[in-house]
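J.: everything below, folded, please.
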Amino acid sequence: MIFILFSLPYVNSVVSGIQPQLIANSGSSYTPPSLLVTGSNTSVMNASSLNDSPQSIINNMRNSNETLPSPGKLPQILPNKNYIFSKNKSEISTPSNNSHNEEFGKGVRIAVVMPTFTAAAYDHSFYVFYNKYINVTQGVNITTDLNLLSNKVTNKPSLSASGIAMLYLLGNLKWVSPQANIAFLTDQDVDEGSIFQGNGSNAYDVVILGHQEYVTQREYDNFKQFVGTGGTMIILDGNVFYAEVKYNNNTDTITLVKGHSWAFNGKSAWRSVNERWENETAQWVGSNYISDISKFSNNPFGYSPHEEQYITNPKDIILLNYNATISPSTNRTGSVVVATYELNYLKGRVIALGLYSDDIMVNGNFDRYFDSLVLQYAVRTQD
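T.: Predicted coordinates:
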C-alpha cells in the first residue's frame with residue numbers, strides 16, 4: 001500500500017482522459033467544480049494557457065521545454081529550464097538507498113484527498129482571529145470573536161490549501177501511470193474512514209494529501225493507520241498535521257480544537273501548543289514544521305524558503321539534503337536538516353519532500369524529480 005502526501009485540485013474532469021472513480025457510499029456529496037475549461041489552444045506561451053485543459057498544459061510543458069505560470073498569477077513566459085521529459089522515462093532516477101525499484105503498478109488505486117478543512121480555516125476565519133489577538137500572552141482567556149474559530153466547509157479550491165497548484169501534478173500521475181484508478185476524497189471522507197474497506201484493510205494503494213495543516217483527530221489516526229498497515233506516504237508540502245479541528249457533519253463546519261498556538265473549548269480560547277501532535281508526528285512521519293530557514297545551499301529546484309519540514313527522526317533515510325541555513329534572527333540554536341527522506345513505519349513508509357512544494361510545482365526539474373519518486377515508490381505490491 002502506498003500513501004502519497006500532496007494536494008491536487010478540485011475538478012470534474014481533472015485531466016483529459018482521466019476518469020476519476022469516486023468512492024461509493026462516501027461521506028461527502030461534494031462534486032468538484034471545474035477550474036480549467038478545456039480549450040483548443042495548448043500553448044504555454046499564449047496568454048490563454050490557463051483556459052486550456054490540464055492535460056494539454058502538461059503535455060505542452062513536456063514538449064516545449066518550458067515551465068508553467070505560477071498558480072494565481074497571470075500567464076507569463078518563464079525562463080527556459082533546459083528540461084524535457086523523457087517519454088521512455090530513461091532520464092528518471094532516484095538515490096540507490098530507496099526501498100523500491102519497480103515501476104508504477106498497473107491499475108494502482110490512488111485517492112487524492114483535498115485539504116478542505118485547511119481551506120475552510122483560511123477562508124476569512126481562523127486567521128482573522130489569529131491576527132486580531134496576536135499579542136495575547138499565555139494565561140489569558142479570550143471570550144470574544146469566537147465565531148471566527150468555526151467555519152463552513154465549502155469544498156472550494158483555495159490557494160492557501162494548494163488549490164490549482166496541484167492540478168498540474170495530477171497530469172504527472174496519469175503520464176507516469178496511464179492505467180491508474182484515481183478517486184477524489186475530501187478531509188470529511190477520510191474522517192469517516194473512506195480510505196479503508198469494510199474489513200479494515202486499506203482501500204487504496206496510494207493516498208495523496210495536500211496542505212493538510214488542519215485535520216481532525218480521527219483523520220490523523222486514519223492516515224497513521226493507513227501507513228502502519230502497509231501504505232507509503234509521500235509528503236509534498238510542509239506544515240502538515242499542524243492543528244486539530246473537530247468536524248460537525250450535520251452543519252458541515254469545522255472548529256479549532258488545539259494547535260497553531262491556540263486551544264478552544266467552545267467557550268473561550270487561550271494560548272497553547274504550536275504543533276498539535278509534534279512528538280507523535282516525529283515518530284511516524286519523521287519530520288516537523290519549521291518556518292525560519294533563510295536559504296538552501298543545495299537548491300536544484302530554485303526554491304525559496306517558505307514552510308518546510310525538518311528531520312526529527314534518527315531513522316530517516318535522507319534522499320536529497322537541501323543544506324538548510326537557519327535565519328540568524330531566530331532564537332533557534334544548532335543546525336537542522338531539511339531534506340527529501342524516507343522513513344519506514346511498521347508495514348508502510350513515509351516519503352517526504354520536506355519543502356512547500358506548491359511553490360515549485362510547475363518547475364520542470366522538480367516535476368521530473370517527483371516523477372522519479374512516483375516511479376520508485378508508488379508501486380502496487382499486491383494485486
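
J.: ok, which stretches of this structure are helices?
T.: When assigned using DSSP state H, the helices of the chain occupy the ranges 54-64, 116-122, 126-132, 167-176, 187-191, 217-228, 278-284, 364-377.

J.: all strands for the stretch 251-383 of the chain, in order.
T.: Assignment of strands within the stretch 251-383 of the chain using DSSP state E, counting those that start in this stretch yields the ranges 253-259, 262-264, 269-271, 287-290, 293-296, 308-311, 317-321, 324-326, 339-345, 348-352.

J.: looking at those, which is buried most?
T.: Comparing the strands of the stretch 251-383 of the chain by mean neighbour count (mean count of other CB atoms under 10 Å), strand 348-352 comes out on top with a mean of 25. In this view, the C-beta of every residue, glycine as well, is placed from N, C-alpha and C.

J.: will you turn the strands of the stretch 251-383 of the chain into TSV that also has distance to residue 138 and mean pLDDT?
T.: What follows is those, written out as TSV (distance: least, CB to CB, whole Å; pLDDT from 0 to 100):
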stretch	distance to residue 138	mean pLDDT
strand 253-259	14	98
strand 262-264	11	98
strand 269-271	5	98
strand 287-290	20	96
strand 293-296	26	95
strand 308-311	25	96
strand 317-321	36	92
strand 324-326	25	94
strand 339-345	33	92
strand 348-352	31	87
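
J.: these: which one's closest to residue 229?
T.: strand 348-352 (6.8 Å; CB to CB).

J.: OK, contacts around residue 224?
T.: Residues touching residue 224, when contacts are defined by CB atoms under 8 Å, 6 or more residues apart in numbering, comprise residue 284.

J.: thinking again about what came up before, and the strands of the stretch 251-383 of the chain as TSV, adding distance to residue 227?
T.: Listed next are the strands of the stretch 251-383 of the chain as TSV, based on distance: least, CB to CB, whole Å:
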stretch	distance to residue 227
strand 253-259	21
strand 262-264	27
strand 269-271	32
strand 287-290	14
strand 293-296	26
strand 308-311	15
strand 317-321	15
strand 324-326	25
strand 339-345	5
strand 348-352	4
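
J.: and these: which comes nearest residue 137?
T.: strand 269-271 (6.7 Å).

J.: got the contact list for that closest one?
T.: Applying CB under 8 Å, 6+ apart, the set of residues contacting strand 269-271 from outside is 129, 133, 136-143, 146, 149, 256, 261-263.

J.: and of the strands of the stretch 251-383 of the chain, who's closest to residue 118?
T.: Shortest separation from residue 118 across the strands of the stretch 251-383 of the chain is recorded for strand 253-259, at 9.3 Å, computed as CB to CB.
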